[in-house]
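Undergrad: coords below, sequence missing:
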(Lines give C-alpha, C1' and ligand atoms only; values in the text may rest on other atoms or scores of the structure.)
Protein backbone atom coordinates (compact mmCIF):
# COMPACT_ATOMS: atom_id res chain seq x y z
CA UNK A 1 0.00 0.00 0.00
CA UNK A 2 1.32 3.42 -0.90
CA UNK A 3 1.72 5.54 2.21
CA UNK A 4 2.35 8.83 0.44
CA UNK A 5 2.05 10.03 -3.12
CA UNK A 6 2.64 13.66 -3.86
CA UNK A 7 4.89 16.28 -5.37
CA UNK A 8 7.85 17.64 -3.47
CA UNK A 9 9.79 20.83 -4.00
CA UNK A 10 13.46 19.89 -3.91
CA UNK A 11 16.20 22.41 -3.48
CA UNK A 12 17.87 21.87 -6.84
CA UNK A 13 15.84 19.51 -8.98
CA UNK A 14 12.44 21.21 -9.06
CA UNK A 15 9.33 19.11 -8.59
CA UNK A 16 9.73 15.36 -8.07
CA UNK A 17 7.05 12.69 -7.76
CA UNK A 18 7.62 10.42 -4.78
CA UNK A 19 6.06 7.14 -3.67
CA UNK A 20 6.86 5.12 -0.55
CA UNK A 21 5.44 1.65 0.06
CA UNK A 22 4.69 0.13 3.44
CA UNK A 23 7.45 -2.43 2.75
CA UNK A 24 10.08 0.32 2.61
CA UNK A 25 10.49 0.71 -1.17
CA UNK A 26 11.10 4.31 -2.22
CA UNK A 27 10.61 5.40 -5.84
CA UNK A 28 11.19 8.91 -7.13
CA UNK A 29 11.77 10.69 -10.40
CA UNK A 30 13.49 13.99 -11.10
CA UNK A 31 11.41 15.75 -13.73
CA UNK A 32 12.45 18.21 -16.40
CA UNK A 33 10.73 21.38 -15.19
CA UNK A 34 10.48 23.38 -18.42
CA UNK A 35 6.85 23.70 -19.50
CA UNK A 36 5.31 25.72 -22.31
CA UNK A 37 1.83 27.22 -21.91
CA UNK A 38 0.02 26.45 -25.17
CA UNK A 39 -3.49 27.20 -26.43
CA UNK A 40 -5.31 24.44 -28.35
CA UNK A 41 -8.73 24.33 -29.99
CA UNK A 42 -11.12 21.38 -29.61
CA UNK A 43 -9.51 19.60 -32.56
CA UNK A 44 -6.07 19.75 -30.90
CA UNK A 45 -4.72 22.43 -33.21
CA UNK A 46 -2.24 24.77 -31.60
CA UNK A 47 -3.62 28.31 -31.76
CA UNK A 48 -1.16 30.24 -29.61
CA UNK A 49 1.54 30.23 -26.94
CA UNK A 50 2.10 32.21 -23.77
CA UNK A 51 5.71 33.26 -23.29
CA UNK A 52 8.60 30.82 -23.39
CA UNK A 53 9.16 27.41 -21.76
CA UNK A 54 9.80 27.97 -18.05
CA UNK A 55 9.65 26.14 -14.73
CA UNK A 56 5.93 26.84 -14.38
CA UNK A 57 2.79 24.92 -13.48
CA UNK A 58 -0.86 25.17 -12.37
CA UNK A 59 -2.20 27.63 -15.00
CA UNK A 60 -5.60 29.11 -14.11
CA UNK A 61 -7.63 31.32 -16.43
CA UNK A 62 -9.52 34.15 -14.74
CA UNK A 63 -13.34 34.00 -14.96
CA UNK A 64 -13.37 37.21 -17.01
CA UNK A 65 -10.96 35.52 -19.46
CA UNK A 66 -8.52 38.46 -19.26
CA UNK A 67 -5.62 36.97 -17.27
CA UNK A 68 -3.86 33.73 -16.44
CA UNK A 69 -2.41 32.99 -13.00
CA UNK A 70 0.50 30.56 -12.94
CA UNK A 71 3.08 29.27 -10.44
CA UNK A 72 6.68 29.92 -11.44
CA UNK A 73 9.91 28.73 -9.85
CA UNK A 74 13.26 30.50 -10.07
CA UNK A 75 16.69 28.92 -10.42
CA UNK A 76 17.19 29.70 -6.73
CA UNK A 77 14.27 27.46 -5.79
CA UNK A 78 11.69 30.15 -4.96
CA UNK A 79 8.12 29.65 -6.21
CA UNK A 80 5.76 32.60 -6.68
CA UNK A 81 2.48 33.32 -8.45
CA UNK A 82 2.57 35.41 -11.61
CA UNK A 83 -0.30 36.99 -13.54
CA UNK A 84 -0.20 37.05 -17.34
CA UNK A 85 -2.36 39.75 -18.93
CA UNK A 86 -3.82 38.33 -22.15
CA UNK A 87 -5.02 41.73 -23.38
CA UNK A 88 -1.87 43.81 -22.85
CA UNK A 89 0.62 40.93 -23.22
CA UNK A 90 2.19 41.84 -19.87
CA UNK A 91 3.03 39.94 -16.71
CA UNK A 92 3.17 40.79 -13.00
CA UNK A 93 4.43 38.89 -9.97
CA UNK A 94 1.60 38.65 -7.44
CA UNK A 95 3.37 37.10 -4.43
CA UNK A 96 6.67 38.46 -3.17
CA UNK A 97 7.19 36.91 0.26
CA UNK A 98 10.92 36.27 0.19
CA UNK A 99 11.41 33.32 2.54
CA UNK A 100 8.70 30.93 1.32
CA UNK A 101 6.96 29.31 -1.64
CA UNK A 102 3.53 30.38 -2.92
CA UNK A 103 1.72 28.32 -5.54
CA UNK A 104 -1.51 26.89 -6.98
CA UNK A 105 -3.66 30.00 -7.53
CA UNK A 106 -7.47 29.91 -7.70
CA UNK A 107 -9.56 32.90 -8.83
CA UNK A 108 -12.60 34.40 -7.14
CA UNK A 109 -15.71 34.34 -9.37
CA UNK A 110 -15.41 38.08 -10.09
CA UNK A 111 -11.66 37.81 -10.90
CA UNK A 112 -10.81 40.38 -8.19
CA UNK A 113 -9.03 38.02 -5.76
CA UNK A 114 -6.86 34.92 -5.73
CA UNK A 115 -6.47 32.23 -3.10
CA UNK A 116 -3.26 30.23 -3.01
CA UNK A 117 -1.12 28.05 -0.79
CA UNK A 118 2.06 29.23 0.93
CA UNK A 119 4.44 27.82 3.53
CA UNK A 120 5.58 31.20 4.84
CA UNK A 121 4.66 30.15 8.39
CA UNK A 122 5.96 26.59 7.71
CA UNK A 123 6.31 23.73 7.65
CA UNK A 124 2.81 23.25 6.20
CA UNK A 125 1.22 25.02 3.25
CA UNK A 126 -1.66 27.23 4.43
CA UNK A 127 -4.35 29.05 2.44
CA UNK A 128 -3.95 32.77 1.72
CA UNK A 129 -5.96 35.43 -0.10
CA UNK A 130 -4.74 38.42 -2.10
CA UNK A 131 -6.37 40.99 -4.43
CA UNK A 132 -5.47 40.19 -8.03
CA UNK A 133 -4.52 43.85 -8.50
CA UNK A 134 -1.50 43.18 -6.31
CA UNK A 135 -2.52 45.94 -3.88
CA UNK A 136 -2.91 45.28 -0.18
CA UNK A 137 -1.55 42.63 2.13
CA UNK A 138 -1.98 38.87 1.92
CA UNK A 139 -4.72 37.52 4.20
CA UNK A 140 -4.31 34.20 6.00
CA UNK A 141 -7.58 32.28 5.50
CA UNK A 142 -6.75 28.88 6.94
CA UNK A 143 -3.88 27.51 9.01
CA UNK A 144 -3.64 23.92 10.24
CA UNK A 145 -1.20 21.05 10.74
CA UNK A 146 -1.61 19.73 7.19
CA UNK A 147 -0.63 21.12 3.82
CA UNK A 148 -3.62 22.47 1.90
CA UNK A 149 -4.01 23.13 -1.83
CA UNK A 150 -7.01 25.26 -2.95
CA UNK A 151 -8.70 23.88 -6.08
CA UNK A 152 -11.84 25.97 -6.73
CA UNK A 153 -14.04 28.88 -5.62
CA UNK A 154 -17.83 28.60 -5.91
CA UNK A 155 -19.59 30.89 -8.39
CA UNK A 156 -21.58 32.56 -5.58
CA UNK A 157 -18.33 33.38 -3.77
CA UNK A 158 -19.32 31.56 -0.57
CA UNK A 159 -17.07 28.49 -0.58
CA UNK A 160 -13.51 27.45 -1.39
CA UNK A 161 -12.63 23.84 -2.11
CA UNK A 162 -9.21 22.53 -1.16
CA UNK A 163 -7.41 19.20 -0.89
CA UNK A 164 -5.40 18.18 2.15
CA UNK A 165 -3.54 15.02 3.05
CA UNK A 166 -4.38 13.06 6.19
CA UNK A 167 -1.91 10.36 7.38
CA UNK A 168 -4.80 7.91 7.78
CA UNK A 169 -7.08 8.71 4.84
CA UNK A 170 -4.70 10.14 2.23
CA UNK A 171 -5.80 13.16 0.17
CA UNK A 172 -9.29 14.37 1.05
CA UNK A 173 -11.54 17.14 -0.24
CA UNK A 174 -12.54 19.91 2.16
CA UNK A 175 -14.67 23.03 1.90
CA UNK A 176 -13.87 26.36 3.56
CA UNK A 177 -16.92 28.65 4.02
CA UNK A 178 -16.13 32.34 3.67
CA UNK A 179 -19.03 33.39 5.88
CA UNK A 180 -19.79 33.10 9.61
CA UNK A 181 -17.05 31.26 11.54
CA UNK A 182 -15.18 29.96 8.45
CA UNK A 183 -15.02 26.47 9.89
CA UNK A 184 -13.76 23.97 7.28
CA UNK A 185 -15.53 20.64 6.81
CA UNK A 186 -14.73 17.47 4.84
CA UNK A 187 -16.67 16.97 1.60
CA UNK A 188 -15.15 13.67 0.45
CA UNK A 189 -13.06 11.79 3.00
CA UNK A 190 -12.35 8.10 2.46
CA UNK A 191 -9.44 5.70 2.65
CA UNK A 192 -8.67 6.59 -0.97
CA UNK A 193 -7.10 9.70 -2.54
CA UNK A 194 -9.55 12.37 -3.71
CA UNK A 195 -8.14 15.30 -5.67
CA UNK A 196 -8.87 18.25 -8.00
CA UNK A 197 -12.40 19.05 -6.80
CA UNK A 198 -14.34 21.52 -8.95
CA UNK A 199 -17.72 23.16 -8.33
CA UNK A 200 -20.30 22.95 -11.10
CA UNK A 201 -21.22 26.45 -12.36
CA UNK A 202 -24.52 26.37 -10.42
CA UNK A 203 -22.73 25.18 -7.26
CA UNK A 204 -24.93 22.10 -6.86
CA UNK A 205 -22.35 19.48 -7.82
CA UNK A 206 -18.67 18.74 -7.28
CA UNK A 207 -16.52 16.88 -9.78
CA UNK A 208 -13.35 15.25 -8.48
CA UNK A 209 -10.78 12.52 -9.05
CA UNK A 210 -10.59 9.38 -6.90
CA UNK A 211 -8.58 6.15 -7.05
CA UNK A 212 -11.18 4.06 -5.20
CA UNK A 213 -11.48 1.63 -8.14
CA UNK A 214 -7.68 1.00 -8.22
CA UNK A 215 -7.13 3.65 -10.89
CA UNK A 216 -7.99 7.34 -10.99
CA UNK A 217 -11.52 8.05 -12.26
CA UNK A 218 -13.74 11.14 -12.37
CA UNK A 219 -16.77 11.26 -10.07
CA UNK A 220 -19.51 13.79 -9.37
CA UNK A 221 -21.53 14.18 -6.18
CA UNK A 222 -24.06 16.69 -4.87
CA UNK A 223 -23.23 19.78 -2.81
CA UNK A 224 -23.68 20.79 -0.05
CA UNK A 225 -25.45 17.49 0.64
CA UNK A 226 -24.35 14.41 -1.26
CA UNK A 227 -27.38 13.47 -3.39
CA UNK A 228 -25.70 10.40 -4.83
CA UNK A 229 -22.33 9.79 -6.48
CA UNK A 230 -21.87 9.28 -10.22
CA UNK A 231 -18.85 7.97 -12.11
CA UNK A 232 -18.17 10.10 -15.19
CA UNK A 233 -15.04 8.55 -16.75
CA UNK A 234 -15.02 4.92 -17.89
CA UNK A 235 -11.37 4.02 -18.49
CA UNK A 236 -9.50 6.28 -16.12
CA UNK A 237 -9.45 10.04 -15.74
CA UNK A 238 -7.90 12.93 -13.87
CA UNK A 239 -8.20 16.70 -13.37
CA UNK A 240 -11.83 17.52 -14.22
CA UNK A 241 -12.98 20.91 -15.53
CA UNK A 242 -16.52 22.22 -16.19
CA UNK A 243 -17.71 24.25 -19.15
CA UNK A 244 -19.18 27.54 -17.92
CA UNK A 245 -22.77 26.54 -18.73
CA UNK A 246 -22.41 23.24 -16.83
CA UNK A 247 -23.35 21.15 -19.87
CA UNK A 248 -19.94 19.55 -20.40
CA UNK A 249 -17.11 18.11 -18.31
CA UNK A 250 -13.52 17.76 -19.47
CA UNK A 251 -10.76 15.57 -18.06
CA UNK A 252 -7.48 13.88 -19.00
CA UNK A 253 -7.32 10.17 -19.83
CA UNK A 254 -4.46 8.01 -18.46
CA UNK A 255 -2.64 8.38 -21.80
CA UNK A 256 -3.02 12.18 -21.65
CA UNK A 257 -5.86 12.62 -24.13
CA UNK A 258 -8.30 15.48 -23.59
CA UNK A 259 -11.73 13.96 -22.99
CA UNK A 260 -15.21 15.52 -22.99
CA UNK A 261 -18.53 14.33 -21.55
CA UNK A 262 -21.96 15.89 -22.07
CA UNK A 263 -23.81 16.59 -18.83
CA UNK A 264 -27.50 16.95 -17.97
CA UNK A 265 -27.98 18.04 -14.37
CA UNK A 266 -30.69 19.50 -12.19
CA UNK A 267 -30.81 20.13 -8.46
CA UNK A 268 -31.57 16.45 -7.80
CA UNK A 269 -30.51 14.47 -10.89
CA UNK A 270 -27.29 13.99 -12.84
CA UNK A 271 -26.79 12.29 -16.20
CA UNK A 272 -23.82 12.05 -18.53
CA UNK A 273 -23.23 10.91 -22.08
CA UNK A 274 -20.46 8.67 -23.33
CA UNK A 275 -16.93 10.10 -22.87
CA UNK A 276 -15.32 11.05 -26.18
CA UNK A 277 -11.76 11.90 -27.10
CA UNK A 278 -11.11 15.43 -28.29
CA UNK A 279 -7.35 15.32 -28.97
CA UNK A 280 -4.05 13.87 -27.66
CA UNK A 281 -1.90 16.23 -25.60
CA UNK A 282 1.71 16.63 -24.52
CA UNK A 283 0.58 17.81 -21.10
CA UNK A 284 3.30 17.86 -18.47
CA UNK A 285 1.52 16.04 -15.66
CA UNK A 286 3.81 17.05 -12.79
CA UNK A 287 3.42 18.17 -10.05
CA UNK A 288 1.12 15.23 -9.39
CA UNK A 289 -1.27 17.11 -7.11
CA UNK A 290 -1.48 20.38 -9.08
CA UNK A 291 -3.70 21.31 -12.05
CA UNK A 292 -2.13 21.07 -15.50
CA UNK A 293 -4.60 22.81 -17.81
CA UNK A 294 -7.61 25.11 -17.95
CA UNK A 295 -10.42 25.71 -20.42
CA UNK A 296 -12.23 28.81 -21.67
CA UNK A 297 -15.79 29.50 -20.57
CA UNK A 298 -17.26 28.32 -23.89
CA UNK A 299 -15.20 25.11 -23.89
CA UNK A 300 -13.59 25.94 -27.24
CA UNK A 301 -9.97 26.52 -26.20
CA UNK A 302 -7.64 24.76 -23.75
CA UNK A 303 -4.57 26.24 -22.05
CA UNK A 304 -2.21 23.34 -21.35
CA UNK A 305 1.18 23.22 -19.62
CA UNK A 306 2.92 21.21 -22.31
CA UNK A 307 6.24 19.45 -22.61
CA UNK A 308 8.38 21.57 -24.98
CA UNK A 309 9.05 20.10 -28.42
CA UNK A 310 12.79 19.98 -27.74
CA UNK A 311 12.47 18.38 -24.30
CA UNK A 312 14.33 15.19 -23.63
CA UNK A 313 12.55 11.86 -23.20
CA UNK A 314 11.03 10.76 -19.93
CA UNK A 315 13.28 10.97 -16.90
CA UNK A 316 14.43 7.71 -15.31
CA UNK A 317 12.80 6.39 -12.16
CA UNK A 318 15.05 5.70 -9.17
CA UNK A 319 14.06 2.85 -6.83
CA UNK A 320 15.56 2.47 -3.34
CA UNK A 321 14.97 -0.82 -1.53
CA UNK A 322 14.65 -1.08 2.28
CA UNK A 323 14.47 2.69 2.65
CA UNK A 324 14.18 4.00 6.22
CA UNK A 325 13.47 7.71 6.87
CA UNK A 326 15.86 9.60 9.07
CA UNK A 327 14.59 10.48 12.54
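TA: Received it, and whenever you're ready, just let me know what you need. Since we're looking at a predicted model, the values are computed, not measured.

Undergrad: make it CA atoms for all contacts and neighbour counts henceforth
TA: Will do.

Undergrad: Name the residues of stretch 280-288 that are buried.
TA: Within stretch 280-288, the residues scored as buried using 16 or more other C-alpha atoms under 10 Å are 281, 283, 284, 285, 286, 287, 288.

Undergrad: ok, residue 236 - contacts?
TA: 215, 216, 217, 218, 253, 254 (C-alpha atoms under 8 Å, 6 or more residues apart in numbering).

Undergrad: Retrieve the pLDDT associated with the closest residue in space to it that isn't next to it in sequence.
TA: Leaving aside its sequence neighbours, residue 236 sits nearest to residue 217 (C-alpha to C-alpha, 6 or more residues apart in numbering; 4.7 Å). Per-residue confidence (pLDDT) for residue 217: 98.

Undergrad: Also residue 246?
TA: 97.

Undergrad: didn't it look like it was pressed against residue 200?
TA: Yes: Residue 246 is in contact with residue 200 according to C-alpha atoms under 8 Å; the separation is 6.1 Å.

Undergrad: Looking only at neighbour counts, state which of the two leads.
TA: Here residue 246 and residue 200 are compared on neighbour count by other C-alpha atoms under 10 Å; more neighbours surround residue 200, at 26 against 19.

Undergrad: isn't the more buried one right up against residue 242?
TA: Yes: with contact defined as C-alpha under 8 Å, residue 200 reaches residue 242; the gap is 6.4 Å.

Undergrad: helix, strand or coil for the residue nearest the centre of the chain?
TA: Taking C-alpha atoms, centre = their mean, the centroid of the chain lies closest to residue 291, which sits 2.7 Å from it. Secondary structure state of residue 291, per DSSP: H, G, I helix; E, B strand; the rest coil, is coil.

Undergrad: In space, what's closest to it - neighbours in sequence excluded?
TA: Residue 291 sits nearest to residue 58 (C-alpha to C-alpha, 6+ apart), 4.8 Å away.

Undergrad: To what extent is residue 167 buried, counted in neighbours?
TA: Neighbours of residue 167 (other C-alpha under 10 Å): 9.

Undergrad: do the same with residue 274
TA: Neighbours of residue 274 using other C-alpha under 10 Å come to 11.

Undergrad: in the stretch 1-150 of the chain, which spans are strands?
TA: Assigned by DSSP state E, counting those that start in this stretch, the strands in the stretch 1-150 of the chain fall at 2-10, 14-21, 26-29, 34-41, 46-61, 67-73, 79-85, 90-93, 102-107, 113-118, 126-131, 139-142, 148-153.
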